[in-house]
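Student: Here is a sequence together with a model predicted from it:
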Amino acid sequence: MALSRISTFPSLESSEFCYGNRNLLTRLNRPSPMLFIRKNDSLAFLGGVRCTLSRKDVTSVRSEGNGESALSVSIEQEEEEEERGHVVRFKISDFKIINHISVGLGARADEVVFEAIVKNPSSPLYGSRVVLRRLISAQAQRRGKRAIEVLKRLVRRRLLYHSYSMQVHGYISSITSSGRGSFTLVHGYQGSFSLRHWLQQADWLPTLEATLALDDEYVRRVGDDKIGGSAVSRQLRIIRILMRDLLIGVNYLHSHGLAHTELKLENVHICPVDRHIKVGILGNAADFYEEGPNSGAPDNNIKRRQMMIAFDMRCVGFMMAKMVLRELMDPLVFTKFKSFLTKGNDPSCLREFLLQLLNRNSSFGNAGLQMLDRNWGAGWNLLSLLLATEPSNRISCLDALRHPFLCGPRWKVVPSMNIIRWGLGSTAVRISEEYIYGDPQRRRLAHFIELMEMLNPHPKPKNWLEFLPGKWRLLYCTGKHIGLTFRQPPARVLVGNVNLTISRTSKTKTAFSLASEIDFTVMLGQNWPHDKTGVNGKMQVNSLCRLTAGKRLYIKEEDTTTGKFSWSPNTHDSVAQKLSGRKWRKAVPFKELPTSLPVAKLVSNDIDVTLNLGDPLKKDVATAGNVVQEIRLQIPPEMFDLTKLVCGTYVDSRLLVVRGVNGSALLFTRSCIDENLR
């Protein structure tokens, strides 16, 4: 981006600059809020090395109340530490200023970013292109001095620092004629594109593949099978490379007792030389351990460290979401995505929310959803762990690097029991969404539901008190299904969402109110096969229930039927035969199928049925009776008569399985539908 008529670099001290050909005047001397928080912050981190700076240095860098005097750090003291800290103090005469700005380097309102070439023959950087970041306000200069401080701390392991962090070569410090301190960072040039700029290009995928030069070495880095593949596989490979580099760089900071605190796509760059992700300027890096009267308390240090790590990992989760789901690059869409989390919704329900948010004529297709759905929904699992509501539940960098989503098929990752449960539930949900309920699909769904019940993480009723309340959407029922028939119903009813709302009553902890809500449309006229519009209606069934402990017995029956028409197969033997296979032998925690499993028993009371119909059918009693009869025929009987719900056999933050009196299982997913998106 061209600058109009820049003659000498000292003219940068002016408070106004003319960018490009539009003559847009941008004032750069406005104070901006300081994002680097030193005390009483609620960020998080992973253990490391204590800062060995002297108290005099720390006081000069962290001083906030002395104004200009705090910014004029002793130049003689800095010169003494240059050789030790590998920090070079440059002069403005060492550079040849290039007449354009690095637009992708994330400059703020109180910073000006220029490209330059080192012209000093005695400098080891002679002929190299660098970036000069002119820091104007007091807050900006504090960020620059903090970046120098962090550099002296991390440069002990120079190879890792140069591989995963944007290199800071040194600084330019002088006193202006007005008496104010002038401070300019000199850091490495990684190209004008940040990672956000890369992903916004129309041809970002082939260009980024060419920049990274994907060869056999890079294929091995992500455990992939081949270099080529479909567009979805290619994007997944790129995201794995970027995420693994990013996590290694963040873990490098965490291992040195630092948290970045400002991780976002605008602060991450890709170096075309060594093809590594470079984390941006560490001007807002925060220490795990702060100085103070309570700094020596182990509990305070551990809590601060965990909070700072959790904050960085949440930022990494937002970056991963934007890389995979490019629709989130839109600020309006990302605001809705972020508000979903700030409202207290569980991140494990993100798929239910994003399916309705993104499937609206998106120009990016559904490549992101396909990537997250692959490998038994491993991507949704990693995203939920990075964005977990509780900071203590967020995944660490090392565990994320071993997650199945970031490991290709060549790498044999031993999944944990939580990932096995997640995969079973994700696969059952995807099969139910296909709406192809032939015998093979129904057998697979029944098998996955039985495995989920075996691996129920919350078998005791006291665990259900936390997860059970909420709104659940019916996905599938293992009972009777109505296929294509030639019957002529008296009322043609199209059933929509069937929800089960469970709320806790104020009387006792184990008492709940159940509300079955059935949305439907009564289609009128003879053109119903092509026109699905009609009269909207809603049926609601209310009941009270009490939660107690119970057991589900597996009765071993003798198979008295002969021949190929076995109407009632032995459930105990069929499940035991499937679990004895090599595929599930390591996943199931017990060798033999138990005769009973603990469940949460539901004891229901009387029910109350309410039917609401729109005009002109709301006054027609005969039509209302026909509608009720048709709804009872299409939906599972347990949703119409809540007293037929016997027990709950599986529950977690996103899925629920309950059993009816006839033995059929009903699979629910937690509903996170936003009415404003409809």
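Tutor: Ah, there it is. Numbers count the residues shown, from 1 in each chain.

Student: Contacts only, for the closest residue to Asp615 other than its chain neighbours.
Tutor: Once flanking residues are discounted, Asp615 sits nearest to Val535: 7.3 Å by CB to CB, 6 or more residues apart in numbering. Where you see a C-beta, it was placed from the backbone N, CA and C, and this is true even at glycine. The contact partners of Val535, by CB atoms under 8 Å, 6 or more residues apart in numbering, come to 521-522, 524, 613-617.

Student: how far away is Val535 from Arg632?
Tutor: Distance from Val535 to Arg632, counting by CB to CB, to the nearest Å: 18 Å.

Student: Check the gap between Gly144 and Leu597 for me.
Tutor: Going from Gly144 to Leu597 by CB to CB gives 62 Å.

Student: how far out from the middle of the chain is stretch 271-282?
Tutor: The chain centroid and the centroid of stretch 271-282 are separated by 23 Å under CA atoms, centre = their mean, to the nearest Å.

Student: Kindly check the end-to-end length of it for me.
Tutor: End-to-end span of stretch 271-282 (CA to CA, to the nearest Å): 17 Å.

Student: quick one: buried residues of that stretch?
Tutor: 271, 276-282 (16 or more other CB atoms under 10 Å).

Student: Pick the one among those closest to Ile175.
Tutor: Closest approach to Ile175 among these (CB to CB): Ile281, at 23.4 Å.

Student: Doesn't the closest one lie inside a helix?
Tutor: No - going by DSSP: H, G, I helix; E, B strand; the rest coil, the assignment for Ile281 is coil, not a helix.

Student: Can you check the pLDDT for it?
Tutor: pLDDT for Ile281: 80.

Student: now Ser72
Tutor: If you check Ser72, the pLDDT there is 40.

Student: Also Ala202?
Tutor: At Ala202, the pLDDT value in this model is 82.

Student: got it, and Ile238?
Tutor: Looking at Ile238, its pLDDT is 88.

Student: which residues touch it?
Tutor: Contact analysis of Ile238 by CB under 8 Å, 6+ apart lists 205, 208-209, 212.

Student: closest to Pro459 among these?
Tutor: Set against Pro459, the nearest of these by CB to CB is Leu205 (46.2 Å).

Student: who's in contact with that closest one?
Tutor: Residues in contact with Leu205 (CB under 8 Å, 6+ apart) are 231, 234-235, 238.

Student: Are any of those buried, and if so which?
Tutor: Counted by 16+ other CB under 10 Å, the contacts of Leu205 give 234-235, 238 as buried.

Student: which of the residues you listed lies closest to Asn605?
Tutor: Gln235 (52.8 Å).

Student: surely the closest one meets Leu369?
Tutor: No - at 11.9 Å, Gln235 and Leu369 do not qualify as touching, with contact defined as CB atoms under 8 Å.

Student: returning to that earlier point: take the contacts of Leu205 and keep only those in strands.
Tutor: Judged by DSSP state E, strands contain none of the contacts of Leu205.

Student: Need those residues in TSV (columns: distance to Met329).
Tutor: As requested, the contacts of Leu205 are exported to TSV (distance: CB to CB, whole Å):
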residue	distance to Met329
Ala231	18
Arg234	19
Gln235	14
Ile238	16
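
Student: one step back: which one's more surrounded, Gly144 and Leu597?
Tutor: More neighbours surround Gly144 than the other of Gly144 and Leu597, with 24 against 18 (other CB atoms under 10 Å).

Student: Local confidence estimate at that one?
Tutor: For Gly144, the predicted pLDDT is 87.

Student: Could you shift the numbering so residue one becomes 32, and keep it that way?
Tutor: All right, first residue 32 from here; so that's Gly175.

Student: Sketch out the low-pLDDT regions of the stretch 482-631 of the chain for me.
Tutor: Within the stretch 482-631 of the chain, the stretches with pLDDT under 70 are 514-515, 538, 585-625.

Student: Please tell me how far Asp141 sits from Val347.
Tutor: Applying CB to CB, the value for Asp141 to Val347 is 27 Å.

Student: quick one: which of those two has more around it?
Tutor: Val347 (23 against 20).

Student: Name the helix or strand for the more buried one, please.
Tutor: Assessed by DSSP states H and E, Val347 sits inside helix 329-355.

Student: What of Leu698?
Tutor: Leu698 is located in strand 696-701, with elements delineated by DSSP H and E.

Student: Mind listing the strands that strand pairs with, and their directions?
Tutor: Strand 696-701 sits in its sheet next to strand 501-508 (antiparallel), strand 686-691 (antiparallel), going by DSSP bridges.

Student: For that strand, output the C-alpha coordinates as CSV.
Tutor: As requested, the backbone C-alpha atoms of strand 696-701 are provided in CSV (Å, rounded to 0.1, in the frame of the first residue of the first chain):
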residue,chain,number,x,y,z
ALA,A,696,-35.0,-46.4,23.2
LEU,A,697,-35.5,-42.7,22.5
LEU,A,698,-32.4,-40.7,21.5
PHE,A,699,-32.4,-37.0,22.2
THR,A,700,-30.0,-34.2,21.6
ARG,A,701,-29.8,-31.0,23.6
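
Student: Can you pull the poorly scored residue ranges out of the stretch 32-181 of the chain?
Tutor: Applying pLDDT under 70 to the stretch 32-181 of the chain flags the ranges 32-117, 131, 133-138.

Student: got the phi/psi numbers for the residue nearest the centre of the chain?
Tutor: For the chain, the residue nearest the mean C-alpha position is Leu414 (3.3 Å; CA atoms, centre = their mean). Per-residue torsions, Leu414: phi -60, psi -40 (degrees, to the nearest 10).

Student: That one against Cys380, yeah?
Tutor: No - checked against CB under 8 Å, the pair Leu414 and Cys380 is beyond contact range at 11.4 Å.

Student: before we move on, back to that, now, the contacts of Val566 that are in strands?
Tutor: 552-553, 644.

Student: how about the strands of the stretch 82-231 of the chain, start to end?
Tutor: Taking DSSP state E, counting those that start in this stretch as the criterion, the stretch 82-231 of the chain carries its strands at 119-120, 126-132, 142-149, 160-166, 199-206, 212-219.

Student: Packing partners of the fourth one?
Tutor: Counting contacts by 3 or more CB pairs under 8 Å, 6 or more residues apart in numbering; DSSP states H and E, strand 160-166 is packed against strand 126-132, strand 142-149, helix 169-185, strand 212-219.

Student: In three-state terms, label Leu575 for me.
Tutor: Per three-state DSSP, Leu575 ends up strand.

Student: and it, what does it touch?
Tutor: Residues in contact with Leu575 (CB under 8 Å, 6+ apart) are 536, 542-545, 635-636.

Student: I'd like these as JSON lines, with distance to Ser194 and neighbour count appended.
Tutor: As requested, the contacts of Leu575 are arranged in JSON lines below (distance: CB to CB, whole Å; neighbours: other CB atoms under 10 Å):
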{"residue": "Thr536", "distance to Ser194": "58", "neighbour count": "13"}
{"residue": "Ala542", "distance to Ser194": "59", "neighbour count": "15"}
{"residue": "Phe543", "distance to Ser194": "55", "neighbour count": "21"}
{"residue": "Ser544", "distance to Ser194": "58", "neighbour count": "15"}
{"residue": "Leu545", "distance to Ser194": "57", "neighbour count": "20"}
{"residue": "Ser635", "distance to Ser194": "62", "neighbour count": "17"}
{"residue": "Asn636", "distance to Ser194": "65", "neighbour count": "14"}
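
Student: Can you tell me which of those comes closest to Val119?
Tutor: The nearest member of those to Val119, counting by CB to CB, is Phe543 at 68.2 Å.

Student: Quick check, pLDDT for Ala696.
Tutor: Here, the pLDDT recorded for Ala696 equals 94.

Student: what does the one 10 residues further on give?
Tutor: You'll see Glu706 listed with a pLDDT of 51.

Student: Equivalent analysis for Leu432, please.
Tutor: 93.

Student: List the residues that contact the closest residue in space to it that isn't next to it in sequence.
Tutor: In space, and not counting its chain neighbours, Leu432 is closest to Leu278: 5.4 Å by CB to CB, 6+ apart. By CB under 8 Å, 6+ apart, the contact list for Leu278 reads 347, 428, 431-432, 437.
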